[in-house]
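> Quick one, fold the following:
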Amino acid sequence: MIPRVLLFKEGLRFAICPYVESDVEELFLAAAESRQHGGQWLAWMTEDYSREHAGGWVRHAVAAWEEDTDYEFIIMDREDGSLAGSCGISEISRKYLMGNVGYWVRASKLNLGAARQAVQLLKEFGLEDLGLNRMEIVVAAGNEPSQRVAQAAGALYEGILHQRLRVGQTVHDAEMYALLRNPAPAR
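Residues are numbered from 1 along each chain as shown. The predicted structure is shown next:
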(Lines give C-alpha, C1' and ligand atoms only; values in the text may rest on other atoms or scores of the structure.)
Protein backbone atom coordinates (compact mmCIF):
# COMPACT_ATOMS: atom_id res chain seq x y z
CA MET A 1 0.00 0.00 0.00
CA ILE A 2 1.19 3.51 -0.84
CA PRO A 3 1.94 5.47 2.38
CA ARG A 4 -0.47 8.29 3.22
CA VAL A 5 1.98 11.16 3.70
CA LEU A 6 2.23 14.88 3.02
CA LEU A 7 4.00 15.55 -0.28
CA PHE A 8 5.91 18.80 -0.68
CA LYS A 9 9.08 20.32 -2.07
CA GLU A 10 11.16 22.96 -0.38
CA GLY A 11 10.56 26.32 -1.95
CA LEU A 12 6.94 25.55 -2.90
CA ARG A 13 4.17 27.23 -0.95
CA PHE A 14 1.67 24.44 -1.53
CA ALA A 15 1.77 20.77 -0.55
CA ILE A 16 -0.64 17.90 -1.15
CA CYS A 17 -1.91 15.65 1.60
CA PRO A 18 -4.21 12.60 1.45
CA TYR A 19 -7.70 13.29 2.75
CA VAL A 20 -8.56 12.54 6.37
CA GLU A 21 -11.97 12.60 8.05
CA SER A 22 -11.29 15.99 9.67
CA ASP A 23 -11.12 17.63 6.20
CA VAL A 24 -14.93 17.53 5.73
CA GLU A 25 -15.78 20.97 7.13
CA GLU A 26 -12.96 22.80 5.38
CA LEU A 27 -13.76 21.03 2.09
CA PHE A 28 -17.39 22.08 2.39
CA LEU A 29 -16.42 25.71 3.12
CA ALA A 30 -13.92 25.79 0.24
CA ALA A 31 -16.51 24.44 -2.19
CA ALA A 32 -19.17 26.89 -0.99
CA GLU A 33 -16.73 29.77 -1.44
CA SER A 34 -15.83 28.61 -4.94
CA ARG A 35 -19.18 27.95 -6.65
CA GLN A 36 -19.01 31.19 -8.61
CA HIS A 37 -15.80 30.33 -10.48
CA GLY A 38 -15.70 26.53 -10.18
CA GLY A 39 -19.33 25.55 -10.67
CA GLN A 40 -19.23 26.10 -14.41
CA TRP A 41 -16.50 23.44 -14.77
CA LEU A 42 -17.18 20.99 -11.93
CA ALA A 43 -20.39 18.94 -12.09
CA TRP A 44 -20.45 18.31 -8.34
CA MET A 45 -19.99 21.97 -7.28
CA THR A 46 -23.69 22.87 -7.23
CA GLU A 47 -25.82 25.13 -5.04
CA ASP A 48 -27.04 22.09 -3.10
CA TYR A 49 -23.53 20.77 -2.30
CA SER A 50 -23.70 20.02 1.42
CA ARG A 51 -21.58 18.89 4.34
CA GLU A 52 -23.02 15.43 3.73
CA HIS A 53 -21.68 15.54 0.15
CA ALA A 54 -18.29 16.65 1.46
CA GLY A 55 -18.32 13.84 4.02
CA GLY A 56 -19.20 11.30 1.34
CA TRP A 57 -16.32 12.51 -0.82
CA VAL A 58 -13.82 12.31 2.05
CA ARG A 59 -14.98 8.78 2.93
CA HIS A 60 -14.65 7.82 -0.76
CA ALA A 61 -11.16 9.34 -0.96
CA VAL A 62 -9.94 7.45 2.11
CA ALA A 63 -11.44 4.13 0.96
CA ALA A 64 -10.24 4.50 -2.65
CA TRP A 65 -6.67 5.07 -1.42
CA GLU A 66 -6.84 1.86 0.59
CA GLU A 67 -8.30 0.02 -2.43
CA ASP A 68 -5.60 1.40 -4.78
CA THR A 69 -8.22 2.82 -7.17
CA ASP A 70 -7.91 6.61 -6.70
CA TYR A 71 -5.41 8.85 -4.94
CA GLU A 72 -7.11 12.05 -3.78
CA PHE A 73 -5.42 14.90 -1.93
CA ILE A 74 -6.18 18.24 -0.40
CA ILE A 75 -3.98 21.07 -1.60
CA MET A 76 -2.60 22.62 1.57
CA ASP A 77 -1.25 26.14 1.89
CA ARG A 78 1.93 25.65 3.92
CA GLU A 79 1.87 29.31 5.00
CA ASP A 80 -1.33 29.02 7.03
CA GLY A 81 -2.23 25.30 6.96
CA SER A 82 -5.52 25.94 5.17
CA LEU A 83 -7.18 23.79 2.51
CA ALA A 84 -6.48 25.59 -0.78
CA GLY A 85 -8.25 23.10 -3.03
CA SER A 86 -8.17 19.49 -4.07
CA CYS A 87 -6.40 17.31 -6.61
CA GLY A 88 -5.96 13.68 -7.39
CA ILE A 89 -5.37 10.81 -9.73
CA SER A 90 -8.47 8.78 -10.52
CA GLU A 91 -9.65 6.17 -13.00
CA ILE A 92 -6.34 4.35 -12.60
CA SER A 93 -5.75 1.48 -15.00
CA ARG A 94 -3.02 -0.87 -13.84
CA LYS A 95 -3.33 -2.71 -17.16
CA TYR A 96 -2.47 0.39 -19.18
CA LEU A 97 -0.46 2.16 -16.44
CA MET A 98 -2.50 5.34 -16.71
CA GLY A 99 -4.77 7.58 -14.70
CA ASN A 100 -6.74 10.82 -14.86
CA VAL A 101 -5.53 14.01 -13.11
CA GLY A 102 -8.01 16.50 -11.69
CA TYR A 103 -7.64 19.68 -9.64
CA TRP A 104 -9.49 22.74 -8.40
CA VAL A 105 -8.57 25.69 -6.20
CA ARG A 106 -10.79 27.61 -3.80
CA ALA A 107 -11.62 31.21 -4.71
CA SER A 108 -9.51 32.84 -1.98
CA LYS A 109 -6.38 30.95 -3.13
CA LEU A 110 -6.60 31.64 -6.88
CA ASN A 111 -3.57 32.97 -8.74
CA LEU A 112 -1.06 31.88 -6.08
CA GLY A 113 0.27 28.82 -7.93
CA ALA A 114 -1.70 26.24 -5.93
CA ALA A 115 -2.92 24.13 -8.87
CA ARG A 116 0.38 24.36 -10.73
CA GLN A 117 2.38 23.26 -7.69
CA ALA A 118 -0.13 20.50 -6.84
CA VAL A 119 0.07 19.07 -10.36
CA GLN A 120 3.88 19.10 -10.18
CA LEU A 121 3.66 17.01 -7.01
CA LEU A 122 0.98 14.72 -8.51
CA LYS A 123 3.11 14.18 -11.60
CA GLU A 124 6.03 12.95 -9.52
CA PHE A 125 3.76 10.84 -7.29
CA GLY A 126 1.94 9.24 -10.24
CA LEU A 127 4.96 8.51 -12.40
CA GLU A 128 7.35 7.49 -9.62
CA ASP A 129 5.32 6.15 -6.68
CA LEU A 130 2.41 4.65 -8.62
CA GLY A 131 4.53 3.60 -11.61
CA LEU A 132 2.16 5.10 -14.18
CA ASN A 133 3.34 5.82 -17.71
CA ARG A 134 0.56 8.25 -18.62
CA MET A 135 -1.59 10.69 -16.69
CA GLU A 136 -4.37 12.42 -18.62
CA ILE A 137 -5.63 15.93 -17.91
CA VAL A 138 -8.98 16.47 -19.62
CA VAL A 139 -9.97 20.15 -19.50
CA ALA A 140 -13.18 21.68 -20.79
CA ALA A 141 -12.62 23.87 -23.82
CA GLY A 142 -12.83 27.43 -22.52
CA ASN A 143 -11.39 26.64 -19.09
CA GLU A 144 -8.22 28.58 -19.80
CA PRO A 145 -6.88 28.63 -16.21
CA SER A 146 -6.88 24.82 -16.08
CA GLN A 147 -5.32 24.63 -19.52
CA ARG A 148 -2.51 26.91 -18.33
CA VAL A 149 -1.93 24.62 -15.34
CA ALA A 150 -1.61 21.58 -17.64
CA GLN A 151 0.81 23.46 -19.88
CA ALA A 152 2.89 24.70 -16.91
CA ALA A 153 3.16 21.09 -15.68
CA GLY A 154 4.78 20.15 -18.98
CA ALA A 155 1.82 18.13 -20.21
CA LEU A 156 1.77 17.26 -23.89
CA TYR A 157 -1.22 18.78 -25.74
CA GLU A 158 -2.93 16.03 -27.70
CA GLY A 159 -5.98 17.74 -29.18
CA ILE A 160 -9.70 18.27 -28.83
CA LEU A 161 -12.13 15.59 -27.67
CA HIS A 162 -15.55 16.54 -28.97
CA GLN A 163 -18.48 16.42 -26.54
CA ARG A 164 -16.26 14.76 -23.91
CA LEU A 165 -17.37 16.50 -20.70
CA ARG A 166 -20.77 17.12 -19.19
CA VAL A 167 -21.33 19.64 -16.41
CA GLY A 168 -24.96 19.70 -15.34
CA GLN A 169 -26.89 19.80 -18.59
CA THR A 170 -24.07 21.41 -20.58
CA VAL A 171 -21.85 19.27 -22.78
CA HIS A 172 -18.35 20.61 -23.48
CA ASP A 173 -15.62 19.76 -25.90
CA ALA A 174 -12.41 19.05 -24.01
CA GLU A 175 -8.72 19.69 -24.48
CA MET A 176 -6.59 16.56 -23.88
CA TYR A 177 -3.21 16.87 -22.19
CA ALA A 178 -0.95 14.05 -21.03
CA LEU A 179 1.85 13.84 -18.50
CA LEU A 180 4.14 11.09 -19.75
CA ARG A 181 6.93 9.05 -18.20
CA ASN A 182 8.77 9.13 -21.52
CA PRO A 183 7.77 12.26 -23.41
CA ALA A 184 6.72 11.60 -26.97
CA PRO A 185 9.15 12.72 -29.68
CA ALA A 186 8.22 15.87 -31.60
CA ARG A 187 6.58 15.21 -34.95
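
> got a list of contacts for stretch 120-138?
By CB atoms under 8 Å, 6 or more residues apart in numbering, the residues outside stretch 120-138 that reach it are 2, 7-9, 12, 15-16, 71, 73, 87-89, 92, 96-103, 119, 146, 149-150, 153-155, 161, 164-165, 174-182. C-beta here means a position set from N, CA and C on the backbone, and glycine is covered the same way.

> I'd like to know how far His172 sits from Ala107.
Using CB to CB, to the nearest Å, we find His172 at a distance of 21 Å from Ala107.

> between these two, which one's more packed in?
For the pair His172 and Ala107, the greater number of neighbours falls to His172 (20 against 14), based on other CB atoms under 10 Å.

> how far is whichever strand or helix holds the more buried one from where the chain is centred?
Secondary structure assignment for His172, by DSSP states H and E: strand 170-180. Using CA atoms, centre = their mean, to the nearest Å, the mean C-alpha position of strand 170-180 is found 13 Å from that of the whole chain.

> Also stretch 150-164?
Relative to the centre of its chain, stretch 150-164 is centred 14 Å away, using CA atoms, centre = their mean.

> what does stretch 4-17 give?
14 Å.

> what's that stretch in contact with?
By CB under 8 Å, 6+ apart, the surrounding residues in contact with stretch 4-17 are 18, 65, 73-79, 84, 87, 112-114, 117-118, 120-122, 124-125.

> Then stretch 173-187?
When contacts are defined by CB under 8 Å, 6+ apart, stretch 173-187 is touched by residues 101, 119, 123, 126-127, 132-141, 147, 150-151, 153-165.

> And the buried ones among the residues you listed, selectable in PyMOL?
Of the contacts of stretch 173-187, the buried ones go into a single PyMOL selection, burial set by 16 or more other CB atoms under 10 Å:
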select buried, resi 101+119+123+126+127+132+134+135+136+137+138+139+140+147+150+153+155+156+164+165
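
> Out of the contacts of stretch 173-187, name the ones that lie in helices.
Per DSSP state H, helices hold the following members of the contacts of stretch 173-187: Val119, Lys123, Gln147, Ala150, Gln151.

> and which of those residues is nearest to His53?
The shortest separation between His53 and any of the ones in helices among the contacts of stretch 173-187 is 24.4 Å, and it belongs to Val119 (by CB to CB).

> list the contacts for the nearest residue to the closest one once chain neighbours are set aside?
Leaving aside its sequence neighbours, Val119 sits nearest to Ala153 (CB to CB, 6 or more residues apart in numbering; 4.3 Å). Ala153 makes contacts with Arg116, Val119, Gln120, Lys123, Ile137, Leu179, as judged by CB under 8 Å, 6+ apart.

> Count the residues that sit near the third one.
Gln120 has 21 neighbouring residues, counting by other CB under 10 Å.

> Glu10 now?
4.

> again with Arg78
Number of residues near Arg78 (other CB under 10 Å) recorded here: 14.
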